[in-house]
Every structure is written in structure tokens, then in C-alpha cells.
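[1] Predicted model, plus sequence, below.
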Amino acid sequence: MNRIPPAILHTAQTKLDEAADILKPYFGTLSSSGRRILDKMGPDSIKFLEMSYELALGNPEFFPGSMNIVIFGEDLSAVRELMVLAAKLNQLKHTISDIEITTGGRALEAALAFYQTLKIAAWHDIPGTRIIYDELKELKLRRPSGVQGKPKKQKNQKSNKNRLQPELFES
């Protein structure tokens, strides 16, 4: 995966901020009970809405007087567009997550290589390395979420006790 230049990331962030600003006047906050009740829109719901709208236009005498058929049509159009927008945003979210994981992995690889070099240099008492190594060592890399305990040693696998490696897992 290619590296993304900082200017491109900045432009993407600016565009996302612009989109959020455009939609901000229409933001609302649903309660959890409201979300449970209303969060049921899907392809079948759209079919029901579309058919209801078409039938309401053809049979206005049955459309409730307390409702506005024009607003119903506008809401139907907006729901269609919002579902497309939500699908695009969901895909973008997954793509950004993949890029973040890949980029973070490369950065972690570089950090661990640097840490290893410092560890070896500090072990050989190379001046100035011990303080840098100790500072990094204090940060102790955290266990990635979902990883339980230390990795199990495979049968017939040699011990890694003498192998220099950073502490990827907290004790």
C-alpha cells in the first residue's frame, strides 16, 4: 500500500470537515430507545416506502389529512440519498481503517527496529544509548486489544530468553 502524503491527508480531513459542517444543521440526537425503534431502515423498508408513496399519490383520498404528501416524497428522496451516503461513508471508514492499520504497522516496525538497536547498543554500553533506551522501555508497549496473555511456546521451539526483543506484552 502506498504512503499517503501529509497534504493529501490534510485535504481529506478538510473535505470531511466541510461535509460535516454542511450537514450539521440537520444533526439530531436519538435516544437509545428511539434508535431501537427507528433504526430499521433497509432495502425492504425502502420498497415499502416507495410503494406507499406511489399508492398515496394515486389514492390521495386515503392519505391522512394530518400528513403532508409533498413532505412524504421529500423525506423518501432524502432517505434514498442518505442511504447511499451512509454506504459510501461506511466503505470509506473501512478503507481508512485498513490504511491506518497498514501505516501503523509500518511505523511500529520502524519503532521496534529502533528500539532493538538501542537495546543492543545499551547492552554494549555505547555512550548515550542507555538513557534513550530506558525512556522507551518505560513506555512498555501495550498488548493489542483482543490478545490474551503471552504467546504460547510451540512444542520443540527453542527458548527466546537470550533473544533481545521489546516487551510487546505486559506482564
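    Here it is on my side, so go on. Numbers count the residues shown, from 1 in each chain.
[2] Okay, helices next: where are they in the chain?
    Using DSSP state H, the helices of the chain run over 6-23, 32-38, 43-58, 69-123, 129-139.
[3] Mind listing residues that contact the third one?
    By C-beta atoms under 8 Å, 6 or more residues apart in numbering, the residues outside helix 43-58 that reach it are 62-63, 69, 72-73, 76, 79-80, 83. For every residue, glycine as well, the C-beta is placed using N, CA and C.
[4] swap the cut-off to 7 Å and go again
    Identification of contacts with helix 43-58 by C-beta atoms under 7 Å, 6 or more residues apart in numbering yields 63, 69, 72-73, 76, 79-80.
[5] got any ranges where this protein has weak pLDDT?
    1, 39, 140-171 (pLDDT under 70).
[6] And the residue nearest the centre of it?
    Ser97 (4.8 Å; C-alpha atoms, centre = their mean).
[7] For it, give its distance to Gln91.
    Separation of Ser97 from Gln91 (C-beta to C-beta, to the nearest Å): 11 Å.
[8] do the same with Glu138
    Distance from Glu138 to Gln91, by C-beta to C-beta: 40 Å.
[9] Mind checking which of those two has more residues around it?
    Gln91 (10 against 7; other C-beta atoms under 10 Å).
[10] In contact with that one: list those residues for me.
    Residues in contact with Gln91 (C-beta under 7 Å, 6+ apart): none are found.
[11] For it, give its distance to Pro5.
    In terms of C-beta to C-beta, Gln91 sits 22 Å off from Pro5.
[12] was I right about Ala122 contacting Arg130?
    Yes - assessed by C-beta atoms under 7 Å, Ala122 is found in contact with Arg130 at 4.6 Å.
[13] Among the two, which residue is more densely surrounded?
    Ala122 (19 against 15).
[14] Nearest residue to that one in space, please, no chain neighbours.
    Of all residues not flanking Ala122 in the chain, Tyr133 sits nearest, at 4.0 Å (C-beta to C-beta, 6 or more residues apart in numbering).
[15] And for the one you found, the neighbour number?
    19.
[16] I'd say it and Ile120 touch.
    No - using C-beta under 7 Å, Tyr133 is not in contact with Ile120; the gap is 9.3 Å.
[17] Name all residues that make contact with the residue nearest to Ala122.
    Tyr133 touches 118-119, 122, counting by C-beta under 7 Å, 6+ apart.
[18] can you check Arg80 too?
    Contacts for Arg80 (C-beta under 7 Å, 6+ apart) come out as Ile46.
[19] Return stretch 65-81 as CSV; C-alpha atoms alone will do.
    Output in CSV follows, covering the C-alpha atoms of stretch 65-81 (Å, rounded to 0.1, in the frame of the first residue of the first chain):
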residue,chain,number,x,y,z
GLY,A,65,-55.1,14.7,6.4
SER,A,66,-52.7,15.3,9.3
MET,A,67,-49.8,14.3,7.0
ASN,A,68,-48.3,16.2,4.0
ILE,A,69,-47.8,14.1,0.9
VAL,A,70,-45.2,16.5,-0.5
ILE,A,71,-43.1,16.2,2.7
PHE,A,72,-43.5,12.4,2.5
GLY,A,73,-42.0,12.5,-1.0
GLU,A,74,-39.2,14.8,0.1
ASP,A,75,-38.4,12.5,3.0
LEU,A,76,-38.4,9.5,0.7
SER,A,77,-35.9,11.1,-1.6
ALA,A,78,-33.7,12.2,1.3
VAL,A,79,-33.8,8.7,2.8
ARG,A,80,-32.6,7.2,-0.6
GLU,A,81,-29.8,9.7,-0.8
